[in-house]
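Chemist: Here is a sequence with its predicted model. Questions after.
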Amino acid sequence: MAVSRALRRLLRVLTIEEEQCRLALESALGELRLFEHALSATTQQARSGRRLVVASAQSGELPDRLAGIEETHAADRRAAVLALRIAEALSNSDALRQVFLAKRVDRRQAETLMSEAEAKEAVITARRTQQGLDDWYLNRLHASRTSRARESPTD
């Protein structure tokens with residue numbers, strides 16, 4: 001009795017589903033890293049705007065001061081939007097991680113079932129093989145005794 005085709009097919013499907021979930025999780029984590037990198041760049045932009053404001057205060061250049069203030073405000077607005085997107089991406093990646101881990105558990109359970117079925121099949125096959133060897137030996141022993149019995153009584 002071989003391991004059922006349905007179980008093998010189930011394991012193959014679960015493996016594919018796990019791989020798809022892993023790829024979706026990696027994609028979500030990549031998106032999260034992009035948002036975090038953008039937030040870091042936005043922080044640098046705000047810092048640059050503040051430096052421009054300080055430099056213009058020392059030089060007295062009003063256009064530089066206004067540009068620095070606007071750059072700081074734009075960076076703050078972008079940071080607020082990115083903070084929302086980062087929170088969303090974190091939530092999404094957490095949900096995808098949970099789905100991925102659930103799929104992994106399902107696949108491992110199917111692998112365990114399959115390995116147990118294969119082990120059971122191996123034990124049955126070994127028993128059958130041993131039974132066949134035992135039968136062969138007994139038949140050979142019986143045949144040799146029968147042939148000796150035929151030869152002895154006639155003397």
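Modeler: Looks like it came in fine. Small disclaimer: the values here were computed from a predicted structure and weren't measured.

Chemist: For the residue lying closest to Pro63 once chain neighbours are set aside, which residues are in contact?
Modeler: Ranked by C-beta to C-beta, 6 or more residues apart in numbering and with sequence neighbours excluded, the top spatial neighbour of Pro63 is Ser56, at 8.0 Å. (Each C-beta comes from the backbone N, C-alpha and C, glycine too.) Residues in contact with Ser56 (C-beta atoms under 8 Å, 6 or more residues apart in numbering) are 62-65, 68.

Chemist: Now Ser56: which helix or strand?
Modeler: helix 5-59 (DSSP states H and E).

Chemist: so what's the residue nearest the centre of the chain up against?
Modeler: Centroid check for the chain by C-alpha atoms, centre = their mean gives Arg22 as the closest residue, at 4.7 Å. For Arg22, the contact set (C-beta under 8 Å, 6+ apart) comprises Phe100.

Chemist: Mind naming the longest helix for this protein?
Modeler: Scanning the chain for the helix with the most residues, using DSSP state H, yields helix 62-151.

Chemist: report the angle between the axes of that helix and helix 5-59?
Modeler: Relative orientation of helix 62-151 versus helix 5-59 (axes from the mean of the first three to the mean of the last three C-alpha atoms, to 10 degrees): 160 degrees.

Chemist: Run through the neighbouring helices and strands of helix 62-151.
Modeler: helix 5-59 (3 or more C-beta pairs under 8 Å, 6 or more residues apart in numbering; DSSP states H and E).

Chemist: Can you report how many residues neighbour Leu82?
Modeler: The number of residues packed near Leu82 is 21, by other C-beta atoms under 10 Å.
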